[in-house]
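In: Structure for the following, please:
(chains A and B)
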Protein chains: 2
Amino acid sequence: MKPNSILQELKGEVAAINQALVANLQTHVPLISQVGQHILLSGGKRVRPLLFLLSARMCGCRGDNLADFSTIFEYLHAATLLHDDVVDAASVRRGRSTANTIWGNQAVILVGDFLLAKALSLAVTTNRLKVLQVLSHTTTMMAEGEILQLLHTGNLDLTEAEYFEVITRKTAILMAAACRIGAILGNVPLEQEEALAQMGLNLGITFQVVDDILDFVGDEKELGKPVCADLKEGRVTLPLIHALAQAEPEDRQRLKEVARNLTPELVPELRELLAKYGSLNHARGIARGYTLKAQDNLALFPPTREKESFLAITAELLDRTH
Amino acid sequence: MKPNSILQELKGEVAAINQALVANLQTHVPLISQVGQHILLSGGKRVRPLLFLLSARMCGCRGDNLADFSTIFEYLHAATLLHDDVVDAASVRRGRSTANTIWGNQAVILVGDFLLAKALSLAVTTNRLKVLQVLSHTTTMMAEGEILQLLHTGNLDLTEAEYFEVITRKTAILMAAACRIGAILGNVPLEQEEALAQMGLNLGITFQVVDDILDFVGDEKELGKPVCADLKEGRVTLPLIHALAQAEPEDRQRLKEVARNLTPELVPELRELLAKYGSLNHARGIARGYTLKAQDNLALFPPTREKESFLAITAELLDRTH
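Out: A predicted model of the protein is given here:
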């Protein structure tokens, strides 16, 4: 992390979140703590809990339990990561062995269920039915998104619209929920709640599009996973969709061949084809557009430290390299 | 089902539940409906939704949406069945191929997540925070129970206490929640709510103990799964625990060998050993004890049609053959 990173500036908040993540994972079944800590303490950026924390504070919500509530979003996220890794039979995440390779699919599925239930239990302690309403809607949409993604596996005819539906559901909606629930706890007018939810959504789309760009061009060590890991697992994302749509017939044919049988040796050729059609820049442009939208969504809030943090986070998530 | 079965008498309620189960499964992802309907419409007894319905009505709750709310408990149950079948790599349930053998583990894990989220969404529509409180506690306990069961796989030193902890969590707690939430919606005094929850818990323990007896002695066709399917998957249950504790050293040694390497040819010998030590009767006696407790829990309710149904259900679940 760069020394002037906003995540570095928020290290006090991150530390409080990390403490709450461990504290709320108490259970009398040690395996749950082990698997839970493995996935939770493997170096995530805590973007979701931070979005919640900043949103709640910007909306005037104070209180000692914000760090506890913030874990709702990280537990939900971790639950989907655990189930994702089983679904993808993934062996590496964030540079470490995945939980499924260490403890087996069975334990990992069930610990995922536990984290989901735990998130729900914590949400109930907010004593706000509306929080549960947002969360239940969110988890339903997320599950549908994961299933859509599964159905689209290996589908080289995926459209941009279908791609955006998947990433909205699987990534952006949870970030929107984190922001919205912060606003709900702050009791702000609906207009502000909607603006913050929309910001979370736009920021979430940026986040995922950048992730999908980094899958093609990122550094294996920085990312903590192999290059083109997504494509190898059959996930067709924005840069490739763009290149397939723009490419001349011969290149399109070759792109499809390369995508279907991707080996490390073919990665340079794939990158060249994406560069030839400006597909990475196209995706970067789209990510930038959503970042600007996210920043616009903040317009109706007066200047505060939290608003500054939000602006810095949106910029940083766009420019990140891992 | 016998013609004078209570479940037969409640066929109007069961029909309403079945209709609500399909109606509330609407989603724009057809695969979800397919997998969901496969697991939901494969002939379950609808015990959990019925417990809720009867409890709500006995507590004076009327309303058109009780059938909808009742699906919460069947969706939750179906979600755990889907994840269980992946965890156990099971291929047959209720006489049909399991969803995982048809659609693969990946889809089944995610549809399980969807059903969990759907149950939660429906629970939110009760507009009662306490309902969410009970459900979140229940799902957390259930996930812990499933993990405990996994950890105890193949453990022939399992104690009765450990066994009861597992079955309470994995089965009885959801039935208790169905009864308790019916009572909550009926706004009865806490004493009645507790009595109904306790009844659900005792009935749930009976239910699981009988299930575990049937695994040894039930008819393959009636059960819709192979004889001793649980033991083959390493689940050590009450009859075997009792026999291992009571058996003379030589028989205990043999029981362990048979349990570890169970083949269809060894089933008669296993049954003989269980009979020799009265282990099936011991388990039946325990199940009967919990049935009586469940019936006692109803003592503080005046006679109503629902109370009669409860009494009939508790008796019938004890005496069932599948």
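In: near chain B, which residues of the stretch 51-200 of chain A show up?
Out: Taking C-beta under 8 Å from any C-beta of the partner chain, the part of the stretch 51-200 of chain A that reaches chain B is made up of A:80, A:83, A:86-87, A:105-107, A:109-111, A:113-114, A:116-118, A:120-121, A:123-124, A:127-129, A:132-133, A:135-137, A:139-140, A:142-144, A:146-148, A:150-151. Glycine gets a C-beta too; all of them are placed from N, C-alpha and C.
In: Wondering if stretch A:224-241 reaches chain B at all.
Out: No. Judged by C-beta under 8 Å from any C-beta, stretch A:224-241 and chain B are separated, with a smallest distance of 11.0 Å.
In: Now a PyMOL select for only the buried ones of the residues of the stretch 51-200 of chain A next to chain B.
Out: Selection of buried members from these for PyMOL, criterion 16 or more other C-beta atoms under 10 Å in any protein chain shown:
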select buried, chain A and resi 80+83+86+87+105+106+107+109+110+111+113+114+116+117+118+120+121+123+124+128+129+132+133+135+136+137+139+140+142+143+144+146+147+148+150
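In: which residues of the stretch 51-200 of chain A fall in strands?
Out: In the stretch 51-200 of chain A, the strands defined using DSSP state E, counting those that start in this stretch lie at A:92-93, A:96-97.
In: Reformat these into a markdown table and put mean neighbour count and mean pLDDT next to each item.
Out: Shown next, in a markdown table, are those (neighbours: other C-beta atoms under 10 Å in any protein chain shown; pLDDT from 0 to 100):
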| stretch | mean neighbour count | mean pLDDT |
| --- | --- | --- |
| strand A:92-93 | 20 | 77 |
| strand A:96-97 | 14 | 84 |
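In: B:Ala247 is nearest to which of those?
Out: Proximity to B:Ala247 (C-beta to C-beta) singles out strand A:96-97 among these, at 42.4 Å.
In: Listing partners with orientation, what would you give for that closest one?
Out: If you go by DSSP bridges, strand A:96-97 pairs up with strand A:92-93 (antiparallel).
In: Let me see the contact set for A:Gly60.
Out: Going by C-beta atoms under 8 Å, 6 or more residues apart in numbering or on different chains, A:Gly60 touches A:Gly186, A:Asn187, A:Val188.
In: What about the residues you listed, which are in helices?
Out: Per DSSP state H, helices hold no members of the contacts of A:Gly60.
In: will you turn those into a markdown table that also has pLDDT and distance to A:Phe301?
Out: Below are these laid out as a markdown table (pLDDT from 0 to 100; distance: C-beta to C-beta, whole Å):
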| residue | pLDDT | distance to A:Phe301 |
| --- | --- | --- |
| A:Gly186 | 97 | 11 |
| A:Asn187 | 97 | 15 |
| A:Val188 | 97 | 9 |
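In: could I get those residues as JSON lines with neighbour count?
Out: Formatted as JSON lines, the contacts of A:Gly60 follow (neighbours: other C-beta atoms under 10 Å in any protein chain shown):
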{"residue": "A:Gly186", "neighbour count": "18"}
{"residue": "A:Asn187", "neighbour count": "12"}
{"residue": "A:Val188", "neighbour count": "20"}
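In: now the residue most central in space within chain A: how far from A:Phe216?
Out: Residue closest to the average C-alpha location in chain A (C-alpha atoms, centre = their mean): A:Thr171, at 4.6 Å. Taking C-beta to C-beta, to the nearest Å as the measure, A:Thr171 falls 17 Å from A:Phe216.
In: For A:Gly36, which non-adjacent residue is spatially closest?
Out: Counting by C-beta to C-beta, 6 or more residues apart in numbering or on different chains, A:Gly36 lies nearest to A:Leu25, which is 4.8 Å off, once chain neighbours are set aside.
In: show me the contacts for the one you found.
Out: So, once contact is read as C-beta under 8 Å, 6+ apart, A:Leu25 ends up touching A:Ile32, A:Ser33, A:Gly36, A:Gln37, A:Leu40, A:Lys118.
In: tally of neighbours for the second one?
Out: For A:Ser33, the number of neighbouring residues by other C-beta atoms under 10 Å in any protein chain shown comes to 16.
In: Does it touch A:Leu21 like I think?
Out: No. Assessed by C-beta atoms under 8 Å, A:Ser33 is found out of contact with A:Leu21, at 11.2 Å.
In: what distance separates stretch A:272-279 from the centre of its chain?
Out: Here the centre of stretch A:272-279 is set off from its chain's centre by 26 Å, with C-alpha atoms, centre = their mean, to the nearest Å.
In: which phi and psi does A:Asn155 have?
Out: For A:Asn155, the backbone dihedrals (degrees, to the nearest 10) come out as phi -90, psi 100.
In: Look up how far A:Gln149 lies from it.
Out: Computed as C-beta to C-beta, the A:Asn155 to A:Gln149 distance reads 10 Å.
In: Also A:Thr71?
Out: A:Thr71 is 25 Å from A:Gln149, by C-beta to C-beta.
In: Give me the more crowded residue out of these two.
Out: Per other C-beta under 10 Å, whichever of A:Thr71 and A:Gln149 has more neighbours is A:Thr71, with 28 against 23.
In: Give me the pLDDT for that one.
Out: We have a pLDDT of 97 for A:Thr71.
In: for it, what are its contacts?
Out: For A:Thr71, the contact set (C-beta under 8 Å, 6+ apart) comprises A:Ile17, A:Ala20, A:Leu21, A:Asn24, A:Pro49, A:Ala119, A:Leu122.
In: Those: which two are farthest apart?
Out: A:Ile17 and A:Ala119, at 14.0 Å, using C-beta to C-beta across those.
In: which SS state does A:Pro302 fall under?
Out: Here A:Pro302 is coil, with the state taken from DSSP: H, G, I helix; E, B strand; the rest coil.
In: Report the contact partners of A:Pro239.
Out: By C-beta under 8 Å, 6+ apart, the neighbours of A:Pro239 are A:Asp212, A:Ile213, A:Phe216, A:Leu274, A:Ser279, A:Leu280, A:His282, A:Ala283.
In: what separates the third one from chain B, distance-wise?
Out: The gap separating A:Phe216 from chain B is 24 Å, by C-beta to the nearest C-beta, to the nearest Å.
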